[in-house]
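**Student:** show me the folded form of this:
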Amino acid sequence: MRPVVSVIMPAYNHERYVAQAIESVLSQTFSDFEFIIINDGSTDTTGEIIKRYTDPRIVYHWQRNAGSDAAINRALELAKGSYVSIINSDDVYHEKRLEVLFTTATAESRAFLITDIELIDAESKPVTDPEHWWVRWYEGLKEAYRGSDSPLKALLVGNYTISTSNFFFEASLPLRIGSFRSRRYTLDYDFAFRALRYNAGSFRFLIDAKLLFYRLHGKNAILENPLLANIETFYLLKNSIKSLFGDEIHPPVDHLNKIRRNITKVRDRSW
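**Tutor:** Numbers count the residues shown, from 1 in each chain. Below is the predicted model:
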């Protein structure tokens, strides 16, 4: 029997978090899935920790370090499910995540879904301070989404999908829009743009269902190099707007200007 869902985990040097990530998948209330874990050449004990798990749903592969995009794309080639759900090796699923997403996808004929997110820290404690910079930023993105008449337009204000860990989609979607591209900081943003451009009507944001615990710690890609992250985001938006939207809408140049100011600010601080 082919599994209904293929859960994909790209894993790299997350020995501190990978066990919790794996266990959050294995403890799902929805059980009809395969769990493909791609060890992207970890140099710590991540691989040894993964191998401790003997659940027959786990499919484990090691590859030379090639980046998250390559790990996800390899897993997609191996996937047998009708739907794909991604989790990064430092994040955590709510126990009902797959159940809710699969039920919604099938009941509403949705091809791409995300949920609300709860932020956790390196110790797995919830970050609830409304003044925390990430919480304020994310709440602002959700507010923009609620106030927009289009999920595609709202995406121009910022990446409210947050992470590939938040992605649940039909397995055929990458065949229609292309695989994950080699981007260090905008891997998720780029895919979301293409998916919504392809068919925004099949997208669903469960904005009031916190079904993903997103971990913020010192080694997140978004914190790794703020200057490069802002530059990559700027050029993704700038170079993609015309091909993505044509003459349909006038993009909010305020957001591009804000990113440009962030680049200048971070650059000046670094120098």
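**Student:** may I see the buried residues of stretch 6-25?
**Tutor:** 6-22, 24-25 (16 or more other CB atoms under 10 Å). (Each C-beta comes from the backbone N, C-alpha and C, glycine too.)
**Student:** same deal with stretch 159-166?
**Tutor:** Buried-residue list, stretch 159-166, by 16+ other CB under 10 Å: Asn159, Tyr160, Thr161, Ile162, Ser163, Thr164, Ser165, Asn166.
**Student:** how about stretch 74-88?
**Tutor:** For stretch 74-88, the neighbour count (16+ other CB under 10 Å) marks Arg74, Ala75, Leu76, Ala79, Gly81, Ser82, Tyr83, Val84, Ser85, Ile86, Ile87, Asn88 as buried.
**Student:** between those residues, which sits nearest Glu99?
**Tutor:** The nearest member of these to Glu99, counting by CB to CB, is Ser85 at 11.2 Å.
**Student:** hang on, the closest one in a strand?
**Tutor:** Yes - using DSSP: H, G, I helix; E, B strand; the rest coil, the secondary structure at Ser85 is a strand.
**Student:** in the stretch 101-250 of the chain, which spans are helices?
**Tutor:** With helices called from DSSP state H, counting those that start in this stretch, the stretch 101-250 of the chain shows them at 133-147, 151-157, 173-177, 187-199, 221-224, 226-245.
**Student:** show the average pLDDT along the last one.
**Tutor:** This predicted structure assigns helix 226-245 an average pLDDT of 61.
**Student:** let me know how buried the residue nearest to Tyr198 when sequence neighbours are not counted is, in neighbour terms.
**Tutor:** Nearest non-adjacent residue to Tyr198, counting by CB to CB, 6 or more residues apart in numbering: Ile177, 4.9 Å away. Applying other CB atoms under 10 Å, we find 17 residues neighbouring Ile177.
**Student:** isn't Ile177 up against Ala195?
**Tutor:** Yes - look at Ile177 against Ala195 with CB atoms under 8 Å: they come within range, at 5.8 Å.
**Student:** returning to what we had before: farthest pair within the buried residues of stretch 74-88?
**Tutor:** So, those by CB to CB: farthest apart are Ser82 and Asn88, at 22.1 Å.
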